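Colleague: The sequence and its predicted three-dimensional model are supplied below.
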Amino acid sequence: MNKNIKINHGLITIIVFIFLFGLVIYLLGNTNKTYVPQTSTAINTRDVKTYSSKSMKFSIDVPDRFHVSDAVDKLTLLDNNKEINIIRNGTDYENISDYIANFDARRNLIASETKRTFIDGNEALSRLVEFPEENSKQKSYYIYVDNWVYILSTSSESLFPALDQIAQSFRYNP
């Protein structure tokens, strides 16, 4: 009788092991299936050019449909009277969180959909910003590099996907 209990215990252990192994494989397989790439907003890499701003020390990939206007302190990307602006602010803050806290404290704004990330290995943050006094809304990226904060923004919702792609292509060129 003792021998039968050992055999049943071993059989149960094998069945439990096979079940757990199958469960892990199933869960890992379903995790990958939940990812949905956003191909509809991607910019065709054949239709972009790399633009370098020597005065602001960065480069970005710009869709061909944009006209670039580069001033000393501002880069403007124009597409049919809609624009994406890129500015650079110097800061004594050590990180993006402190910069944003100060930025927000000095303005009347409502921020939403805030996402922290890294772009080109640098601290970055994206968010929607509403300015109630101006009755305007914009999407902005803030990229912190060597005591500089680059702000890429647009108030044109139709340019939000292009802004996302351009921001992700940002490269600091010291």
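Modeller: Done, it's in.

Colleague: tell me the domain ranges of this structure?
Modeller: Split into domains by automatic domain parsing, the chain comes to 1-35, 47-172.

Colleague: For the last one, measure first residue to last.
Modeller: With CA to CA, to the nearest Å as the measure, the first residue of domain 47-172 is 22 Å from its last.

Colleague: Kindly state the beta-bridge partners for the closest residue to residue 172 other than its chain neighbours.
Modeller: Among residues not flanking residue 172 along the chain, residue 145 sits closest, at 4.7 Å (CB to CB, 6 or more residues apart in numbering). Just so you know, the C-beta spots here come from the backbone N, C-alpha and C atoms, and that holds for glycine as well. Bridge pairing for residue 145 (DSSP bridges) gives the partners residue 148.

Colleague: wait, residue 145 sits on residue 171?
Modeller: No. Under the criterion of CB atoms under 8 Å, residue 145 makes no contact with residue 171, lying 10.0 Å away.

Colleague: intersection of neighbour lists for these two?
Modeller: By CB atoms under 8 Å, 6 or more residues apart in numbering, residue 145 and residue 171 have these common neighbours: residue 120.

Colleague: Looking only at neighbour counts, state which of the two leads.
Modeller: The residue with more neighbours, out of residue 145 and residue 171, is residue 145; 20 against 15, by other CB atoms under 10 Å.
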